[in-house]
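1. after the sequence you'll find the predicted model.
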Amino acid sequence: MKKYLPLCLVLAACGPSPQNSETKWAHSSAERSWGTIPALLDYLDLGFKTNYDKLRVCVQGSESFQGSALLFETKLSYAAWLKASGQGTEASWDRFEFESQDICEPGDTSFGSVVIVESENKGSADRDPGEGFAKATVSCQKSGFSMRCSSGSTTYGWGGPAAIGYSYRTPSRWESISNRSPASVRLSPYVRWRSLESDLLEQKGLTEGDRKSKLELYRGLVAKAETVSYSELLDFMKGLSDSKLIAVADGSFQKLMQDFQKSGATTLNQEYTPTATGLHVLLHEIGHQFGMDHADNPSRDAETGIVVDGEQRGSQWVTSEASMAYGKPFLYLTADDQDGALDLGQKTLAFLKTKR
Ligand SMILES: [Zn+2]
């Protein structure tokens with residue numbers, strides 16, 4: 001779940017970023033935040049001249065994750081981050097327009113964001129849906145009574161902010177804002193994606209009553225994914241958060257090992273298709289669109305502050321208790337996710353106000 005580096009179109013604005021923070025927050029990227037989703041909304045709220053007046057989000061599904069379920073879970077992820085960023089008013093939410101399309105183009109600047117669940121059979125002449133992704137592999141060897149297995153690393157998704165251009169007469173005042181490339185999220189074509197419904201059906205920790213009520217609520221909201229309201233999305237997310245829901249683990253690697261162990265073969269080298277819960281990866285990658293960095297391993301220019309469940313490593317605070325970490329596959333935004341998003345949202349707004 002790597003991120004795109006934010007594109008820097010105007011060199012003068014790409015200087016070094018502040019290294020320290022005294023406030024209590026977590027692991028956002030540095031102040032190069034003018035292409036994040038909160039910034040795209042700020043330009044509209046602050047009355048900048050822009051070449052867009054809505055934040056249109058193109059949503060493309062794959063065989064395993066598509067339609068109303070994908071649309072609902074995409075909206076759910078945006079609503080959660082928007083609320084966390086401190087900009088979660090109804091008016092901000094109303095600026096979003098989600099559109100399910102068979103194909104979304106990452107370079108289509110009529111959209112502020114594209115969310116693509118890649119399919120191997122949905123490429124085009126100038127676009128390879130598998131770019132940046134690899135098939136999962138497993139290698140095992142038996143020696144006497146012992147067995148050794150390893151897997152290649154798998155990239156589940158990519159996500160990053162938009163590329164924004166601005167014009168100015170003096171650098172301190174930006175005249176107009178143009179969207180040069182939408183923020184994007186891409187999920188791997190080499191993964192079998194599991195909707196939240198499938199995940200809930202397989203969850204071990206839920207009581208039967210809780211499972212039943214969550215499934216009922218989920219199915220009802222998916223059925224009206226086109227018109228679901230902001231408060232319904234936030235209420236549903238609160239339910240996931242209250243249950244501290246973690247995605248069901250993928251058993252396919254384990255199963256391959258077990259089958260190999262029982263077999264007469266001495267070596268195994270093969271590709272396989274892992275299963276993953278789409279909502280976790282959507283939350284993580286959309287977090288990158290909001291300017292969030294990896295909470296457990298921030299890049300050098302990331303700003304980090306005191307985090308709820310974190311520890312200080314050198315000059316940076318790190319935590320694995322976040323959707324933005326390579327830790328547990330959270331199906332909600334943790335306190336650390338929210339602290340970081342709020343801090344960055346506030347700083348971005350303050351920064352952009354100085355450019356108006
Ligand atoms: Zn990532």
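-> Looks like it arrived, so ask away.

2. centre of the chain to stretch 264-279, how far?
-> Taking C-alpha atoms, centre = their mean, to the nearest Å, one finds the center of stretch 264-279 at 24 Å from the center of the full chain.

3. my bad, stretch 253-270
-> 33 Å.

4. buried residues in that stretch?
-> 253, 256, 257, 260, 268 (16 or more other C-beta atoms under 10 Å). Where C-beta positions appear, they are placed from N, C-alpha and C, glycine not excepted.

5. what number of residues lie near residue 132?
-> Residues contacting residue 132 under the criterion other C-beta atoms under 10 Å number 14.

6. isn't it up against residue 158?
-> Yes: using C-beta atoms under 8 Å, residue 132 is in contact with residue 158, at 5.7 Å.

7. re the thing from before, out of the buried residues of stretch 253-270, which one sits closest to the ion?
-> Checking those against the ion with C-beta to the ion, the nearest one is residue 253 at 21.0 Å.

8. from residue 268, how far off is the closest one?
-> For residue 253, the distance to residue 268 (C-beta to C-beta, to the nearest Å) stands at 12 Å.

9. in the stretch 101-250 of the chain, what residue lies closest to the ion?
-> residue 159 (6.5 Å).

10. which residues does that residue bridge with?
-> When assigned by DSSP bridges, residue 159 has beta-bridge partners residue 3, residue 185.

11. what pLDDT is listed against it?
-> The per-residue pLDDT reported for residue 159 equals 96.

12. again with the one 3 residues further on
-> Here the pLDDT value assigned to residue 162 is 96.

13. same check on residue 1?
-> pLDDT recorded at residue 1 is 49.

14. do residue 47 as well
-> Reported pLDDT at residue 47 in the predicted model: 94.

15. swap in the one 3 residues further on?
-> Confidence per residue is given as pLDDT, and for residue 50 that number is 95.

16. tell me, how many neighbours does the spatially closest residue to it that is not a sequence neighbour end up with?
-> Spatial nearest neighbour of residue 50, excluding adjacent residues (C-beta to C-beta, 6 or more residues apart in numbering): residue 177 at 4.6 Å. For residue 177, the count of nearby residues is 23 (other C-beta under 10 Å).

17. with residue 324 instead?
-> Counted with other C-beta under 10 Å, residue 324 comes out at 32.

18. now find how far off-centre stretch 44-55 is within its chain.
-> Stretch 44-55 has its C-alpha centroid displaced from the chain centroid by 24 Å (C-alpha atoms, centre = their mean).

19. and it, how far apart are its ends?
-> End-to-end span of stretch 44-55 (C-alpha to C-alpha, to the nearest Å): 10 Å.

20. how about stretch 161-175?
-> For stretch 161-175, the end-to-end distance is 21 Å (C-alpha to C-alpha).

21. right, is it up against the ion?
-> No: on the criterion C-beta under 5 Å from the ion, stretch 161-175 is out of touch with the ion, staying 12.5 Å away.

22. which parts of that stretch are buried?
-> 161, 162, 163, 164, 165, 166, 174.

23. neighbours around the closest residue in space to residue 151 that isn't next to it in sequence, how many?
-> Excluding the flanking residues, the one nearest residue 151 by C-beta to C-beta, 6+ apart is residue 138, at 5.3 Å. Look at residue 138: counted by other C-beta under 10 Å, it has 19 neighbours.
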